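S.K.: next comes the sequence, and after it the predicted model I'd like to discuss.
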Amino acid sequence: MEKFDVTIIGAGPGGTAAARLLAEAGMRVALAEDRDWGGTCLNRGCVPTKLLLGAVAPLGVLDGFARRHIIEGRETVNFQALNLRVRRFVDTRRRALALELIHKGVHLFKGRGICLSPTEVRIEERDGSASHIQTRYLIFACGTRTSSFPGLRADHRTILSSTTLLQQTAIPESLIIAGGGTIGVEMADIYYHLGSRVVIAEAAPQLAPTEDEDIAAHLRWRLERRGILCLTGVRAVSLEKDRDDRARLTLADGAVYTAAKGLIAAGRMPNTEWVDAESAGCALNRRGFITTDTRLRSSVNSWAIGDVNGRVLLAHAATHQGEYVARCLLGQEEGPYEPGPCPACFHGSLEIMRVGATESEAAALGGEVMVSKAQFAGNVIAQAAGSPTGFVKVVWRNGTICGIAAIGNGVSQLTLSAQLLLLGQYHGAKLNSFMVAYPTLDETLTEAIKAPKTPSQV
């Protein structure tokens, strides 16, 4: 039986980030992955989705110019060529990742890691064979998958998950999306520009439920202006295949919509039903996520990072947590995990960016909450992109910046600038300590900080 210092279950962004640092420090590391190196992010999530969005985002720019009668005609996407490019890029990155980890000394196991005890793991491979290893420490990084509910289950032919939608080789003439969060909105953007008629349904009162009402309202206005039907505030009773092999959405108010395909994008559920984390001394919450303490520890000798601990379901959060836990194991971290403001983005032809608290979250904390805004209408770069709508919003609490958000073309590129401005509390005279390049979207970011503040209406 092989012995390791650390065994990591899951080779997504968090697991591979931890494996790199630990192996570089000389630890003997086992990394078990039952599907593809790189996890959901590289193979079935962030990377292929962003490559698709990158291909259709210019169409959004052209649409803006066409509405102003500056450009005539219409470009179309070669879907087969685009899929080939995505597949080749993902395959290349997956192989490069595996080779990099091997080069650093990480021992790769292609199979499902199952805990037998706090120090023993069985790795079941797809061919039925199994390996048993002993380990001093465990890191759970096994991620999440599309949630399913009664009446909302993917059959992977007509009713799809985000994974099987990304595997489609033909563009559906119409698409119903159940869920108006990041995945639902980004998929709506992709398939609208590919030529599908799109309906998006969200049970919450607004699309982008994690964002403030004014951001969500602008998002909806832009989507509906393009012809995407947005349904909010009504629960989806079912999204199922009908007798004609079409997707049929039934809402709680009795309304029915049909389309060629349906996508379930209503949340994520943890991949914990097979790892038997309880045998390693871990506890699961009622939704199946592994519970952790302030240092991301899930038992005496184990940690849970990324989606599987349910804290923040974002790839960069998983990477940050993985690196923190690696430093803990190397004796380089002693304090609790303090990530600071976690950035979040919606990508595509219309983007949303936010770091720190929303206006609603700030209001819930109490104190004096103020808001300042600046519009992109006067920004040269926003005008150059053809659709100069949107704004930057700064949320203040007791005189300090506690959140910055933006909606518009290309605003995901403001994320790091906004984070640094928030962390450094660059406002007032301190904002004069550096200059902002012209013309850039950054100008509107700093204008929003300088803009007059109004009391929060939340």
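M.R.: Received, thanks. Quantities reported herein were computed from a predicted structural model and do not represent experimental measurements.
S.K.: ends of stretch 68-77, what's the gap?
M.R.: Length of stretch 68-77, first residue to last, CA to CA, to the nearest Å: 22 Å.
S.K.: mean confidence score for it?
M.R.: Taken as a whole, stretch 68-77 has a mean pLDDT of 83.
S.K.: buried set for stretch 192-209?
M.R.: 192-194, 196-203, 206-208 (16 or more other CB atoms under 10 Å). All C-beta atoms are positioned from the backbone trio N, CA, C, and that covers glycine.
S.K.: now do the host helix or strand of Arg220: distance to the chain's middle.
M.R.: Under the criterion of DSSP states H and E, Arg220 resides in helix 213-226. The chain centroid and the centroid of helix 213-226 are separated by 20 Å under CA atoms, centre = their mean, to the nearest Å.
S.K.: and what of stretch 7-16?
M.R.: Going by CA atoms, centre = their mean, the spacing between the C-alpha centre of stretch 7-16 and its chain's C-alpha centre is 17 Å.
S.K.: list the contacts of that stretch.
M.R.: Applying CB atoms under 8 Å, 6 or more residues apart in numbering, the set of residues contacting stretch 7-16 from outside is 18-19, 29-33, 36-42, 97, 101, 108, 113, 121, 133, 135, 137-143, 271, 275, 305-308, 315-316, 318-319, 321-322.
S.K.: buried only: go through the residues you listed for me.
M.R.: Looking at the contacts of stretch 7-16 with 16+ other CB under 10 Å, the buried ones turn out to be 18-19, 29-33, 36-42, 97, 101, 113, 121, 133, 135, 137-143, 271, 275, 305-308, 315-316, 318-319, 321-322.
S.K.: follow-up on the earlier one: buried sites along the helix or strand just after the helix holding Arg220?
M.R.: Counting by DSSP H and E, the next helix or strand C-terminal to helix 213-226 is strand 229-232. If you call a residue buried by 16+ other CB under 10 Å, then strand 229-232 has these buried ones: Cys230, Leu231, Thr232.
S.K.: then stretch 417-434?
M.R.: Within stretch 417-434, the residues that qualify as buried are Ser417, Ala418, Gln419, Leu421, Leu422, Tyr426, His427, counting by 16+ other CB under 10 Å.
S.K.: what helix or strand does the fifth one sit in?
M.R.: Spelled out, it's Leu422. Element membership for Leu422 (DSSP H and E) is helix 415-424.
S.K.: what is the mean pLDDT for that helix?
M.R.: For helix 415-424, mean pLDDT is 96.
S.K.: what's that helix in contact with?
M.R.: Under CB under 8 Å, 6+ apart, the answer for helix 415-424 is 340-341, 343, 345, 353, 355-356, 401-404, 406, 426-427, 430, 442, 445-446, 449.
S.K.: among these, which are in helices?
M.R.: Members of the contacts of helix 415-424 lying in helices (criterion: DSSP state H): Asp442, Leu445, Thr446, Ile449.
S.K.: correct me, but the third one touches Leu431?
M.R.: Yes. With contact defined as CB atoms under 8 Å, Thr446 counts as touching Leu431 (6.4 Å).
S.K.: just the element for Val56, please.
M.R.: In the assignment (DSSP H and E), Val56 maps to helix 46-67.
S.K.: put the alpha carbons of that helix into CSV.
M.R.: This file holds the C-alpha atoms of helix 46-67, laid out as CSV (Å, rounded to 0.1, in the frame of the first residue of the first chain):
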residue,chain,number,x,y,z
CYS,A,46,-15.7,28.3,-17.1
VAL,A,47,-13.2,27.6,-19.9
PRO,A,48,-15.5,26.3,-22.7
THR,A,49,-18.2,28.7,-21.8
LYS,A,50,-15.9,31.7,-22.0
LEU,A,51,-14.5,30.6,-25.3
LEU,A,52,-18.0,30.4,-26.7
LEU,A,53,-18.8,33.8,-25.2
GLY,A,54,-15.7,35.3,-26.7
ALA,A,55,-16.8,34.2,-30.1
VAL,A,56,-20.3,35.7,-29.8
ALA,A,57,-19.4,38.9,-27.8
PRO,A,58,-18.3,40.7,-31.0
LEU,A,59,-21.8,40.1,-32.4
GLY,A,60,-23.2,42.1,-29.5
VAL,A,61,-20.8,45.0,-30.5
LEU,A,62,-22.0,44.7,-34.1
ASP,A,63,-25.6,44.7,-33.0
GLY,A,64,-25.0,48.0,-31.2
PHE,A,65,-23.5,49.6,-34.3
ALA,A,66,-26.3,48.2,-36.5
ARG,A,67,-29.0,49.8,-34.3
